[in-house]
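Enquirer: Task: produce atomic coordinates for the following.
(2 chains)
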Amino acid sequence: MANYGMALDYKNCINCKACEVACKEENGVQLGADKHRIWVGVKEIEGLWPNLSIASSTFEPSQCQQCENAPCQEVCPTKATHYTKDGVVMVDADKCILCSYCMEACPYDARYVKEDTMTVDKCTFCSDTRLLRGETTTACQATCPTKVRTFGDLDDPNSEISILLAHREHRTLKTHLGTKPKLFYLI
Amino acid sequence: MFVLAEKGMKIIERFIPMRHTDIRELLNFKKTPLNLLVAFTTLVFLVLFVVGATNYLIHGHHAYGVTREHPWGLMIAMYIFFVVSSTGLCIMSAIGHVFEVEVLEPFAKRAIHGALVTLLSGFIVIFLEIGHPLKMMIYNTISPGLTSAIWGMGVLYSLYLIFIVIEFFFLLRHDHKWAKRFGIFGLVVGVAAHSNLGAVFGFLVARPVANGIYYPLYFILSAMVTGCYLIFLMYGFKYKLNFPPEMQKTLVATAKILGLLLAILLFFEIWRMLTAIYGGMEDRAETALHILKSSPFLVGEILLGIVIPFLVILLSNGKAIKTMVFASLGGMVGIFFMRYDLVHDTQLYPMQTLKLREYQLPPTFIEYFPSTTEIFIALGAIGIAITLYYIGDKILYLETDPD
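Expert: Numbers count the residues shown, from 1 in each chain, chains lettered A, B, ... in the order given. From the prediction side, this is the model:
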């Protein structure tokens, strides 16, 4: 039993979107701008031309925060959204009734409707693809050219992610909501 | 099919008093311009429903204007509109026949009939919104998500339906003892179900404008307001504004209760806005200001939904019951906007504030407009409610007991 999480050295992100492509390829995410499990958020450049602050333009790669206290899991009327033994928030497509309450409840806009099953889908940390095959990395991590992502077991003190989080300052998104996200942004 | 229906009716007739009505009689009504207008509009609405529902069954949620950022739309608003009406009518009916406030007793049966009709219409709408309604019935039972407000609401509304059907059954049989007992159950479960519906929004920690105690309370209050409006509409149409003296008393009393409810509702709205804006918490205050400047809120919710009916009651001391029928019509338009706005406003503030694609502007307030299919189904559901009400009115004895 593990407690999977991910650290993102987001300042290294170059917005090449290879992670988005790898995720779609690995997990069979359909094409289309609205169909994505992961994304790279772009902060607009501040200032007026020609006095633009290049430093203000930053990239924030993101995905489901795999919250420890996930609002999407709490609101699901059929327990389709559940935690795996490894602490990953997953959707059981057989039980999903597409009431969209989880989409409404997610503070991170991390959920979308998968068209082939007409159920709600989200990032699974590649639990049902790569991890199932015995690999130890997620598709987005494996493909990242600047090593933004570090995935691993938060409960193992010797894992790369635990060591990284012990030595680097980090923050989480919308911490005030009490969702206890397991995506950590390294500062 | 007609033979079967006739046999079914005969069996029901053994248990509850009914008018002997065949199909021809059912379709026969006084051909006044108003009746013809209502009949024609209802027919058009029913046709629109068939077109809209067919399009939905072919294209699924693609036929709706909902998006990833705005997953709930007009269908959810209409569902709320109907079930709010149902709870409101149930509460108003209970004041008369459960709590024995004599002056309000005359509409007990008609109000419960209205509650049943609107609840069924709401269920039809929600079946066309939920992606997998049959799976819902199975997994709500064998894999219940007890922490989900939707689950609680589903179970409670199902119980509510059972209780008000039984209550209506005993009311029609003039069995007051049992009608009262089931009336209490229906009322308690109805209020629980309805406040639970408010909690569907109130529980959303991600949406500060909706999160909190406001909606579960406001839903009950606005339900009672809706119930009063519908009572005015039902009796205004039935008596074509020529109310008999007994009914005048009842409607004046209803107007006075409505006046109080509207004053409280206005009070609620004012404090809701002030607390949301005060302090300037970014996502909450900005959203509240956006709502405050929108015409559906100002013209729909406040003016039509609250202020005009309130002024009519206030200026006439509740006696202008004929004017109240028209004010109630506007009031129901206002109530619709209350439901539509609460669904839309909850989703206004974007959860993702960074832009995700090139040539995209950073997300601001989420926009949504219902698709034609959604509008067709919404209007169609009103048509269904009117049709069911008309059938009930034709075949059942909905007036006060003969004794």
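Enquirer: roughly how far out does the helix or strand of chain B with the lowest mean pLDDT sit from the chain middle?
Expert: Counting by mean pLDDT, DSSP states H and E, chain B has its least confident helix or strand at helix B:2-15, which shows a mean of 74. Mean-position distance between helix B:2-15 and its chain equals 30 Å (Cα atoms, centre = their mean, to the nearest Å).
Enquirer: now stretch B:366-386
Expert: For stretch B:366-386, the distance to the chain centre is 14 Å (Cα atoms, centre = their mean).
Enquirer: got it, and stretch B:247-266?
Expert: Distance of stretch B:247-266 from the chain centroid (Cα atoms, centre = their mean) equals 18 Å.
Enquirer: And for it, what's in contact with it?
Expert: For stretch B:247-266, contacts defined as Cβ atoms under 8 Å, 6 or more residues apart in numbering or on different chains pick out B:92, B:95, B:103-104, B:106-107, B:218, B:221-222, B:224-225, B:228-229, B:231-232, B:235, B:239, B:243, B:302, B:306-307, B:309-310, B:313-314, B:318-321, B:324. Yep, even glycine has a C-beta here, placed from its N, CA and C like the rest.
Enquirer: Now, of these, which are buried?
Expert: Among the contacts of stretch B:247-266, those scoring as buried are B:92, B:95, B:104, B:106-107, B:218, B:221-222, B:224-225, B:228-229, B:231-232, B:235, B:243, B:302, B:306-307, B:309-310, B:313, B:318-321, B:324 (criterion: 16 or more other Cβ atoms under 10 Å in any protein chain shown).
Enquirer: In the stretch 1-150 of chain B, which residue sits closest to chain A?
Expert: Chain A sits closest to B:Gly131 of the stretch 1-150 of chain B, with a gap of 2.3 Å, by Cβ to the nearest Cβ.
Enquirer: so how many other residues sit close to that residue?
Expert: Other residues near B:Gly131 come to 18 when the count uses other Cβ atoms under 10 Å in any protein chain shown.
Enquirer: Spit out the contact partners of it.
Expert: Neighbours of B:Gly131 in contact, by Cβ under 8 Å, 6+ apart: A:96-100, A:118-119, B:60-61.
Enquirer: Let me have the residues you listed in CSV, adding distance to B:Lys135, secondary structure and neighbour count as columns.
Expert: Shown next, in CSV, are the contacts of B:Gly131 (distance: Cβ to Cβ, whole Å; DSSP: H, G, I helix; E, B strand; the rest coil; neighbours: other Cβ atoms under 10 Å in any protein chain shown):
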residue, distance to B:Lys135, secondary structure, neighbour count
A:Cys96, 8, coil, 26
A:Ile97, 5, coil, 24
A:Leu98, 9, coil, 24
A:Cys99, 10, coil, 29
A:Ser100, 14, coil, 24
A:Met118, 10, coil, 14
A:Thr119, 10, strand, 20
B:Gly60, 14, helix, 14
B:His61, 15, helix, 20
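Enquirer: right, and B:Val38 touches B:Gly383 too?
Expert: No - contact criterion Cβ atoms under 8 Å: B:Val38 and B:Gly383 do not qualify, at 10.4 Å.
Enquirer: neighbour-wise, which of the two wins?
Expert: B:Gly383 (21 against 15).
Enquirer: element containing that one?
Expert: In this assignment (DSSP states H and E), B:Gly383 forms part of helix B:372-395.
Enquirer: Repeat that for A:Asp34.
Expert: Here A:Asp34 is covered by no helix or strand, with elements defined by DSSP H and E.
Enquirer: For the stretch 301-403 of chain B, just list every one of the helices.
Expert: For the stretch 301-403 of chain B, the helices defined by DSSP state H, counting those that start in this stretch occupy B:308-316, B:321-346, B:372-395.
Enquirer: Same list (those helices) but as JSON lines, adding distance to chain A and mean pLDDT.
Expert: Shown next, in JSON lines, are these (distance: least, Cβ to the nearest Cβ, whole Å; pLDDT from 0 to 100):
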{"stretch": "helix B:308-316", "distance to chain A": "32", "mean pLDDT": "96"}
{"stretch": "helix B:321-346", "distance to chain A": "8", "mean pLDDT": "95"}
{"stretch": "helix B:372-395", "distance to chain A": "14", "mean pLDDT": "95"}
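Enquirer: so which of the ones you listed is the most packed in?
Expert: helix B:321-346 (a mean of 23; mean count of other Cβ atoms under 10 Å in any protein chain shown).
Enquirer: from chain A, which residue is nearest to chain B?
Expert: Closest to chain B within chain A is A:Leu98: 2.3 Å, counting by Cβ to the nearest Cβ.
Enquirer: three-state assignment of the residue nearest to that residue when sequence neighbours are not counted?
Expert: Leaving aside its chain neighbours, A:Leu98 sits nearest to B:Gly131 (2.3 Å; criterion: Cβ to Cβ, 6 or more residues apart in numbering or on different chains). When classified by DSSP: H, G, I helix; E, B strand; the rest coil, B:Gly131 comes out as coil.
Enquirer: Can you check the pLDDT for A:Tyr139?
Expert: To be clear, residue A:139 is Ala; Tyr isn't right here. pLDDT for A:Ala139: 95.
Enquirer: show me what contacts the nearest residue to it once chain neighbours are set aside?
Expert: Counting by Cβ to Cβ, 6+ apart, A:Ala139 lies nearest to A:Glu26, which is 3.7 Å off, once chain neighbours are set aside. Shown in contact with A:Glu26 (Cβ under 8 Å, 6+ apart): A:126, A:129-130, A:139.
Enquirer: same check, this time on B:Ile124
Expert: B:Ile124 makes contact with B:381, B:384, according to Cβ under 8 Å, 6+ apart.
Enquirer: cool, the one 5 residues further on as well?
Expert: Shown here is B:Glu129, whose contacts under the criterion Cβ under 8 Å, 6+ apart are B:75-76, B:79.
Enquirer: Just say helix, strand or coil for the closest residue to A:Gly178 other than its chain neighbours.
Expert: Leaving aside its chain neighbours, A:Gly178 sits nearest to A:Asn69 (6.1 Å; criterion: Cβ to Cβ, 6+ apart). Under the three-state scheme (three-state DSSP), A:Asn69 adopts coil.
Enquirer: The helix or strand containing A:Ala7: what's the following helix or strand?
Expert: Secondary structure from DSSP H and E places A:Ala7 in strand A:4-8. Per DSSP H and E, strand A:4-8 leads on to helix A:18-27 as the next helix or strand towards the C-terminus.
Enquirer: what are the phi and psi angles of residue 88?
Expert: Using chain A here. phi -90, psi 140 (degrees, to the nearest 10).
Enquirer: Same check on A:Ser62?
Expert: Residue torsions, per degrees, to the nearest 10, at A:Ser62 are phi -150, psi 170.
Enquirer: Cross-check the contact I'm expecting between it and A:Ile38.
Expert: Yes - counting by Cβ under 8 Å, A:Ser62 does reach A:Ile38; the two are 6.9 Å apart.
Enquirer: just to revisit the earlier point, next, the angle from the least confident helix or strand of chain B to helix B:372-395.
Expert: 50 degrees (axes from the mean of the first three to the mean of the last three Cα atoms, to 10 degrees).
Enquirer: what sits up against helix B:2-15?
Expert: B:18, B:20, B:22-23, B:169, B:173, B:395.
Enquirer: go again using 6 Å as the cut-off
Expert: Helix B:2-15 is contacted by no other residue when judged by Cβ atoms under 6 Å, 6 or more residues apart in numbering or on different chains.
Enquirer: And for stretch B:289-300?
Expert: B:273, B:334, B:337, B:341, B:345, B:365.
Enquirer: Can you measure across that stretch, start residue to end residue?
Expert: 16 Å (Cα to Cα, to the nearest Å).
Enquirer: ok now it, how far from the chain's centre?
Expert: 21 Å.
Enquirer: swap in stretch B:355-369?
Expert: 33 Å.
Enquirer: And that stretch, what's buried?
Expert: B:355-356, B:363, B:365-366, B:368.
Enquirer: which ones among those are found in strands?
Expert: Among those, no residue falls in strands (DSSP state E).
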